[in-house]
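whatever this is, show me its structure:
(2 chains)
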Amino acid sequence: MKLITAVVKPHRLDEIKEALQAFGVHGLTVTEASGYGRQRGHTEVYRGAEYTVDLVPKIRIEVLVEDDDAEQLLDVIVKAARTGKIGDGKVWSVPVDTAVRVRTGERGPDAL
Amino acid sequence: MAPAITLAADAPTLSAANTGFMLICSALVLIMTPGLAFFYGGMVRVKSTLNMLMMSFISMGIVTILWVLYGFSLAFGTDSGGIIGWSSDYVGLSGIGITQLWDGYTIPIYVFAVFQLMFAIITPALISGAVADRVKFTGWALFVALWATVVYFPVAHWVWGAGGWAFELGVIDFAGGTAVHINAGAAALGVILVIGKRVGFKRDPMRPHSLPLVMLGAGLLWFGWFGFNAGSWLGNDDGVGALMFINTQIATAAAMLAWLAYEKIRHGAFTTLGAASGAVAGLVAITPSGGAVSPLGAIAVGVVAGLLCAMAVGLKYKFGYDDSLDVVGVHLVGGVVGSLLIGFLATGGGQSDVAGLFYGGGLDQFWKQCAGVFAVLAYSLVASAVLAFLIDKTIGMRVSEDDEIAGIDQAEHAETAYDFSGGGGGASFSAAPSPAQGTPAKKVDA
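Okay, the predicted model is just below:
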């Protein structure tokens, strides 16, 4: 199994959700996040005093998938998240030892 | 403030229209103080919001009582040497009949006293913006009481009291450019030079936490300011109040536009805070001058005030004094601009026949304005610094560094402005509301 994590622009959430559903993913977790990449946030001005706001709002999407689907799913998410502008985010996958469905106790791929 | 009108033939009688107008104006001036509280409250960080509101509100409590006890007497009692007043009838407002008229006007003394009280309330509240985030509430409350007594009441007497030296000299201060704004701005500078900077000044971001609150406050100030300015003629018999009213609107609009234009050119954006600040700068500058200048003159006053105040707010970073919310940059600078421009722009056709340089009056009035401005500035600066120093050495003027960092609301008021957690968190110490308050208590059999 793989855990796919995507940190992306908040307004792309709906597109990504639809793309994941079309792909056949059953569940996902979304959290609000903040951070910056190469663009380093933005500048705000208050009575002439400039403040650099480093941390910009993002959402973090986490999906557990079977190994075979992981590569393809990365592409699906990237395609749905991309606006082409700076700050589109990152997606990555990491191996997962095991997963358990809390309600039934099922383990491994059955738990997804 | 209007000079005393002396009517040779007829003694003035109580005018219901003027009295009603002045009661409304007094209420309008009062709302400026909560308006100021929100104007300032939105500009501080979340953790200081309540303290900022409270520093204005406490002034409504303390100054009101002092005014009744002795403040009105000190400011508007019988003059001694041009410096201070005193009339025992005014002590406790005890010797005043309800139909007794104020000195040659058509309104009762009570109405004049309550109108002037509102000015006495907002002036110390104005200072609080400079000391945001770091002042012990007890220290501040004591400062308000002492400052009103030692600085505001005498200065109000100088400027507006019959026999006050500035009044007698002919310094024009229609509604408080000198007595209120320069006075508060200079006091702010005096206090912050004593108490020092906020922890993290110039290092940590100290962005305003709610610009909508700032706009709400600025709107209330603008609204209330009509009472502040138009009411200062103490009646409506000759059109000067109307001139003041329209000039207030004109200068405020001009200053807002000037501030916005400046920051668009200088910083690349028309900001909300700039609009609110520009409006306040215009209101401050027209306060002393609005009864003397023409509507076109009011545009000039507004534009100059908007530009100079927008430039002045950056000075604190250059010189390194921490005037948190720019009381010096807006009120002191705006007050000086408005007061001195009278020397150039007075038409001779408003509150008095004194004309400024541009209207053929020479520089005579300008020098008088300078005398008023710099005397009040110097006295307020020094006296306020001394008061802050004395309080700091006795009961203490600043909260501890830990409290300042954790948030002055919690340390000084045992409250926080917002609950962001939705779960009773938000710096509350208990995990859930107690049953007695949060949910109906269970019935217990006796």
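
show residues contacting stretch A:35-50.
With CB atoms under 8 Å, 6 or more residues apart in numbering or on different chains as the test, stretch A:35-50 has contacts from A:7, A:51-56, A:58, A:86-87, A:89-90, B:207-208, B:263, B:266-269, B:271, B:273-274, B:277, B:310, B:313-314, B:317, B:326, B:329. (C-beta placed from N, C-alpha, C; glycine too.)

so which bits of it are buried?
Along stretch A:35-50, these residues count as buried under the neighbour rule (16 or more other CB atoms under 10 Å in any protein chain shown): A:41, A:45-49.

closest to B:Phe167 among those?
When the buried residues of stretch A:35-50 are compared for distance to B:Phe167 (CB to CB), A:Arg47 wins out at 35.0 Å.

scan chain A for its longest strand.
In chain A, taking DSSP state E as the definition, the longest strand is strand A:56-65.

what comes into contact with that strand?
Counting by CB under 8 Å, 6+ apart, A:1-10, A:13, A:16, A:20, A:25, A:27-36, A:41-42, A:73, A:77, A:87, A:89, A:96, A:99, A:112 sit against strand A:56-65.

pLDDT at residue 51, what is it?
I'll assume chain A. pLDDT, A:Tyr51: 85.

chain B is the one I meant
B:Asn51 is assigned a predicted lDDT (pLDDT) of 98.

which one is it nearest to, not counting chain neighbours?
Nearest residue to B:Asn51, sequence neighbours excluded (CB to CB, 6 or more residues apart in numbering or on different chains): B:Ile408, at 4.6 Å.

I'd say the one you found and B:Trp140 touch.
No: under the contact definition of CB atoms under 8 Å, B:Ile408 does not touch B:Trp140, with a separation of 10.6 Å.

residues in contact with stretch B:401-413?
B:46-51, B:54, B:133-137, B:198-199, B:398-400, B:415-417, B:427.

for whichever residue of the stretch 101-250 of chain B sits closest to chain A, grab phi and psi.
For the stretch 101-250 of chain B, the residue closest to chain A is B:Pro205, as judged by CB to the nearest CB, at 4.8 Å. Per-residue torsions, B:Pro205: phi -70, psi 130 (degrees, to the nearest 10).

before we move on, back to that, which of the contacts of strand A:56-65 fall in strands?
Under the assignment DSSP E, these contribute A:2-8, A:29-35, A:42, A:89 to strands.

the helix or strand containing B:Phe228 near chain A anywhere?
Taking DSSP states H and E as the definition, one finds B:Phe228 inside helix B:211-230. No: Helix B:211-230 stays clear of chain A (CB under 8 Å from any CB of the partner chain), getting no nearer than 8.8 Å.

how about the secondary structure of residue 85?
As the question left the chain open, I've gone with chain A. Counting by DSSP: H, G, I helix; E, B strand; the rest coil, the backbone at A:Lys85 sits in coil.

ah, no, chain B please
strand.

I figured it hits B:Ala156, correct?
No: B:Gly85 is not in contact with B:Ala156 according to CB under 8 Å; the separation is 9.0 Å.

for those two, indicate the residue with more neighbours.
More crowded of B:Gly85 and B:Ala156, by other CB atoms under 10 Å in any protein chain shown: B:Ala156, with 28 against 24.

got the contact list for that one?
The neighbourhood of B:Ala156, defined by CB under 8 Å, 6+ apart, consists of B:75-76, B:116, B:119-120, B:179.

show me what from chain A comes close to chain B.
Residues of chain A lying near chain B (CB under 8 Å from any CB): A:44-51, A:53.

before we move on, back to that, enumerate the positions of the longest strand of chain A that are buried.
Across strand A:56-65, burial judged by 16+ other CB under 10 Å covers A:56, A:58-61, A:63-65.

mind putting those in a markdown table, pLDDT included?
Below are these laid out as a markdown table (pLDDT from 0 to 100):
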| residue | pLDDT |
| --- | --- |
| A:Val56 | 87 |
| A:Lys58 | 93 |
| A:Ile59 | 95 |
| A:Arg60 | 97 |
| A:Ile61 | 96 |
| A:Val63 | 96 |
| A:Leu64 | 95 |
| A:Val65 | 94 |
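
ok, those residues vs A:Gly105, which is closest?
Distance to A:Gly105 across those (CB to CB) is lowest for A:Leu64, with 16.4 Å.

could you check the angle strand A:2-8 makes with the longest helix along chain A?
In chain A, assigned by DSSP state H, the helix with the most residues is helix A:67-81. Relative orientation of helix A:67-81 versus strand A:2-8 (axes from the mean of the first three to the mean of the last three CA atoms, to 10 degrees): 10 degrees.

in the chain, which helix or strand is least confident?
All of this refers to chain A. Within chain A, no helix or strand scores below strand A:49-53, which has a mean of 84 by mean pLDDT, DSSP states H and E.

other chain: chain B
Lowest on mean pLDDT, DSSP H and E among the helices and strands of chain B sits helix B:435-438, with a mean of 44.

next up, the contacts around B:Ser87.
B:Ser87 is in contact with B:73, B:76-78, counting by CB under 8 Å, 6+ apart.

who in chain B is up against chain A?
Residues of chain B found near chain A (CB under 8 Å from any CB) are B:205, B:207-208, B:263, B:266-269, B:271, B:273-274, B:277, B:310, B:313-314, B:317, B:326, B:329.

now, which of those lie within helices?
Counted as lying in helices by DSSP H, out of these, are B:263, B:266-267, B:273-274, B:277, B:310, B:317.

most neighbours of all those residues, which one?
For these, counting by other CB under 10 Å, the largest number of neighbours falls to B:Ser277: 31 neighbours.

was I right to think that residue contacts B:His331?
No: using CB under 8 Å, B:Ser277 makes no contact with B:His331, being 11.0 Å away.

on that earlier part again, in a markdown table, list the ones in helices among the residues of chain B next to chain A along with pLDDT.
Below are those laid out as a markdown table (pLDDT from 0 to 100):
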| residue | pLDDT |
| --- | --- |
| B:Glu263 | 95 |
| B:Arg266 | 94 |
| B:His267 | 92 |
| B:Leu273 | 97 |
| B:Gly274 | 97 |
| B:Ser277 | 98 |
| B:Ala310 | 97 |
| B:Tyr317 | 90 |
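
need phi/psi at B:Ala162.
Backbone torsions for B:Ala162, taken as degrees, to the nearest 10, come to phi -60, psi 120.

for it, give its distance to B:Pro12.
Look at B:Ala162 and B:Pro12: by CB to CB, to the nearest Å, they are 15 Å apart.

likewise for B:Leu307?
As judged by CB to CB, B:Leu307 and B:Pro12 stand 43 Å apart.

with A:Thr29 instead?
Separation of A:Thr29 from B:Pro12 (CB to CB): 78 Å.

which one of those two is surrounded by more residues?
Legend: neighbour count by other CB under 10 Å for A:Thr29 and B:Pro12, higher for B:Pro12 (18 against 10).

list the contacts for B:Leu341?
Counting by CB under 8 Å, 6+ apart, B:Leu341 touches B:285, B:289, B:293, B:297, B:300-301, B:304, B:356.

any idea whether the residue sitting nearest the centre point of chain B is helix, strand or coil?
Compute the mean C-alpha point of chain B, and by CA atoms, centre = their mean the closest residue is B:Thr123, 3.8 Å away. When classified by three-state DSSP, B:Thr123 comes out as helix.

can you pull out the helices in the stretch 51-200 of chain B?
B:72-76, B:109-127, B:137-147, B:153-160, B:165-169, B:183-195 (DSSP state H, counting those that start in this stretch).

export the ones you listed to CSV and tack on mean pLDDT?
Formatted as CSV, those follow (pLDDT from 0 to 100):
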stretch, mean pLDDT
helix B:72-76, 98
helix B:109-127, 98
helix B:137-147, 98
helix B:153-160, 98
helix B:165-169, 96
helix B:183-195, 97
